[in-house]
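# model the structure of this input:
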Amino acid sequence: MSVAALRSALGDRVLVDELDDYRHDRSGWEPPGHPSAVVLAQDIADVQTVLRIAHEHRTPVVVRGAGTGLSGAATAVDGEIVLSTKDLDAITDLSPIDQTAVVQPGVITADLDRAATAHGLRYAPDPGSVAISTIGGNIATNAGGLRCAKYGVTRDSVLRLDVVLADGTLLSTGRRTVKGVTGYDLTSLFVGSEGTLGVVVGATVRLRPVPPATATVAAYFDSVAAAAAASIAIGTAGIQPSVAELLDSVTLSALGLRDRGAALLLVQVDGYGARAEADAVVAAVSPHAADVTSTDDPSVADELVAARRLVLPSLEKLGRVLIEDIAVPRSRLADAVVAVGEIAARHGVTVATLAHAGDGNLHPIFVIDRAEPAVPDLVWAAAEEVFRLALSLGGTLTGEHGVGLLKRKWLADELGTAGVAVQQDLKRLFDPRGILNPGKVF
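Numbering: from 1, shown residues only. I've put the predicted structure just below:
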């Protein structure tokens with residue numbers, strides 16, 4: 001039995017009691033069962049040992065960081081082993097000259113950012129869960145964040161990976177240089193693979209200089225459609241914001257800001273020309289807005305950004321949440337946000353929509369009565385319409401949260417039969433016995 005073999009090899013690093021906290025992520029999905037054991041890995045050798053034993057016994061392994069995922073990818077059920085990398089939390093190198101850091105997967109995203117700040121640098125990806133999510137989890141899902149409009153998603157900041165494969169082999173991909181095209185790009189393949197191809201145990205990531213100045217614009221609107229139109233106007237004006245966040249009326253109500261308007265567009269620009277760019281943002285959004293304010297005061301900006309990061313906790317106070325994630329071309333953002341509202345009204349469900357407006361990534365969040373034992377059928381019906389809406393607008397089922405368990409049903413609708421087959425072949429190549437996060441993605 002693999003659990004007995006694990007306990008023999010790793011001792012008290014293997015937990016078999018009180019494992020309920022390791023069943024869930026933050027997606028709202030309720031897994032039907034419990035893992036057989038949880039391994040708290042302390043080093044790379046522990047990870048290799050777990051996978052060698054699991055490979056030999058054909059035991060499923062679910063890799064887990066902080067459990068902040070939103071697609072069900074880190075959930076575990078009966079017969080599965082949870083491999084926790086949260087204790088692999090060292091920043092082993094930080095080079096101000098190369099503007100890189102070498103980190104273990106359990107490093108909290110905000111901690112890396114703080115360490116970089118001491119050298120006048122920062123780690124650009126900043127998901128909403130930045131204070132609690134791990135770098136390993138961000139890599140597994142190719143997480144985005146508020147600054148992704150200008151600085152890209154996690155993949156754009158990952159240069160090199162150390163990965164333990166399904167049989168325990170340690171593989172290094174990529175390099176510590178910014179440029180390099182030797183061989184296939186395996187680093188990008190592992191980023192966003194949701195723990196189905198290997199276990200990330202180390203990463204070299206890019207850091208970027210802290211901008212010399214940042215300016216913030218907060219614009220309130222009479223409708224979410226007007227806010228979406230304003231965000232498109234920013235891009236049309238040739239402005240590249242670092243942050244462009246759209247919040248609808250349901251979201252503003254949860255934050256206690258509904259009296260300011262029916263929608264909010266929060267925009268930040270940075271660099272030496274931040275003030276001039278902020279003025280250009282004001283000019284672009286004003287024809288659509290009911291109220292516009294602009295500030296260079298960092299404390300005011302921090303308060304606004306903090307409110308955006310409090311969206312999910314605020315909605316969770318209202319009920320159980322099912323957090324969705326689609327992306328559409330920026331030119332179709334207004335169409336998408338209006339249609340999501342129409343879908344919610346038609347099905348009689350509560351949906352709070354917020355978006356990374358700078359890159360067309362929407363998060364329709366379904367708020368469900370906690371008395372419901374499971375996600376109601378009408379919510380799933382509305383969610384399916386949202387997914388098909390994204391595809392009909394030339395978009396994608398997921399911009400940054402991943403497929404996990406919750407979107408497998410619609411995968412072929414986006415990738416096509418041939419696309420699914422090729423990706424399944426890749427899965428079999430890296431994980432021939434199918435032990436890594438089985439049932440997730442494919």
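
# make it CA atoms for all contacts and neighbour counts henceforth
OK.

# for residue 267, see how far away residue 290 is.
16 Å (C-alpha to C-alpha, to the nearest Å).

# then residue 298?
Residue 298 sits at a distance of 13 Å from residue 267 (criterion: C-alpha to C-alpha).

# the two - which one has more neighbours?
Neighbours per residue (other C-alpha atoms under 10 Å) separate residue 298 from residue 267, with residue 267 holding more: 28 against 13.

# wait, the more buried one touches residue 243, no?
Yes - counting by C-alpha atoms under 8 Å, residue 243 is a contact partner of residue 267 at 5.2 Å.

# just the buried residues of stretch 221-236, please?
221-235 (16 or more other C-alpha atoms under 10 Å).

# for stretch 391-410, same thing?
Buried, per 16+ other C-alpha under 10 Å, within stretch 391-410: 391, 393, 395-408.

# kindly report the same for stretch 319-335.
320-328, 330-335.

# quick one: residues in contact with that stretch.
Outside stretch 319-335, the residues that touch it by C-alpha atoms under 8 Å, 6 or more residues apart in numbering are 27-29, 70, 225-226, 228-229, 232, 315, 336, 357-370, 383, 387, 390-391, 393-401.

# average pLDDT for it?
Averaged across stretch 319-335, pLDDT comes to 92.

# okay, now that stretch: how far is its last residue from its first?
Its start and end residues considered, stretch 319-335 measures 28 Å (C-alpha to C-alpha).

# now swap in stretch 315-328 and tell me
Taking C-alpha to C-alpha, stretch 315-328 runs 24 Å from one end to the other.

# pull the distance from it to the chain's centre.
13 Å (C-alpha atoms, centre = their mean, to the nearest Å).

# using the three-state scheme, assign residue 167.
coil (DSSP: H, G, I helix; E, B strand; the rest coil).

# give me phi/psi at it?
Dihedral pair for residue 167: phi -90, psi 10, per degrees, to the nearest 10.

# surely it is in contact with residue 59?
No - assessed by C-alpha under 8 Å, residue 167 is found out of contact with residue 59, at 11.6 Å.

# strands - which of the buried residues of stretch 221-236 land there?
Within the buried residues of stretch 221-236, residues falling in strands by DSSP state E are residue 221.

# what comes up buried for stretch 253-269?
253-255, 257-258, 260-269.

# span of that stretch from start to end?
Terminal residues of stretch 253-269 are spaced 26 Å apart (C-alpha to C-alpha).

# what's the mean pLDDT across that stretch?
96.

# excluding residues flanking it in the chain, which one is nearest the most centrally placed residue in the chain?
With distances taken as C-alpha atoms, centre = their mean, residue 143 lies nearest the centre of the chain, 3.4 Å away. For residue 143, ignoring the flanking residues on the chain, the nearest one in space by C-alpha to C-alpha, 6 or more residues apart in numbering is residue 400 at 5.0 Å.

# wait, what's in contact with the one you found?
141, 142, 143, 144, 325.

# recalculate using a threshold of 10 Å.
By C-alpha atoms under 10 Å, 6 or more residues apart in numbering, the residues touching residue 400 are 70-71, 127, 138, 141-145, 153-154, 192, 325-327, 361-363.

# got a PyMOL select line for the buried ones in those residues?
With 16+ other C-alpha under 10 Å as the criterion, this PyMOL line picks the buried residues out of these:
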select buried, resi 70+71+127+138+141+142+143+144+145+153+154+192+325+326+327+361+362+363
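
# strands - which of the contacts of residue 400 land there?
Short answer: the contacts of residue 400 in strands (DSSP E) are 326, 327, 361, 362, 363.

# name whatever forms a beta bridge with the last one.
Residue 363 forms beta bridges with residue 354, as assigned by DSSP bridges.

# just the first one next, same as before
When bridges are assigned using DSSP bridges, the partners listed for residue 326 are residue 362.

# ok, now how distant is it from residue 304?
In terms of C-alpha to C-alpha, residue 326 sits 24 Å off from residue 304.

# the last one now?
When distances are taken as C-alpha to C-alpha, residue 363 and residue 304 turn out to be 19 Å apart.

# next: residue 216.
9 Å.

# so between these two, which is more surrounded?
Between residue 216 and residue 304, counted using other C-alpha under 10 Å, residue 216 has the larger neighbour count: 31 against 16.

# pLDDT score for residue 409?
On the pLDDT scale, residue 409 is placed at 89.

# could you list the domains of this protein?
Domain assignment for the chain, taken from automatic domain parsing, gives 2-84, 91-209, 214-392.

# for residue 91, what are its contacts?
Residues in contact with residue 91 (C-alpha under 10 Å, 6+ apart) are 101-108, 111-112, 115, 202-204.

# nope, residue 309 is what I meant
127, 128, 129, 130, 131, 146, 303.

# which of the residues you listed has the most neighbours?
When neighbours are taken as other C-alpha under 10 Å, the top entry among those is residue 146 (28 neighbours).

# picking up where we left off before, pull up the overlap in contacts between residue 267 and residue 243.
Shared contacts of residue 267 and residue 243 (C-alpha under 10 Å, 6+ apart): 146, 216, 217, 305, 357, 358.

# verify the stated contact: the second one with residue 280.
Spelled out, that is residue 216. No - contact criterion C-alpha atoms under 10 Å: residue 216 and residue 280 do not qualify, at 11.7 Å.

# which other helices and strands does the host helix or strand of residue 116 contact?
Element membership for residue 116, per DSSP states H and E: helix 109-117. Secondary-structure packing of helix 109-117 (3 or more C-alpha pairs under 10 Å, 6 or more residues apart in numbering; DSSP states H and E): strand 91-95, strand 100-103, strand 121-122, helix 135-141, strand 208-209.

# that concludes my questions; thank you for your assistance.
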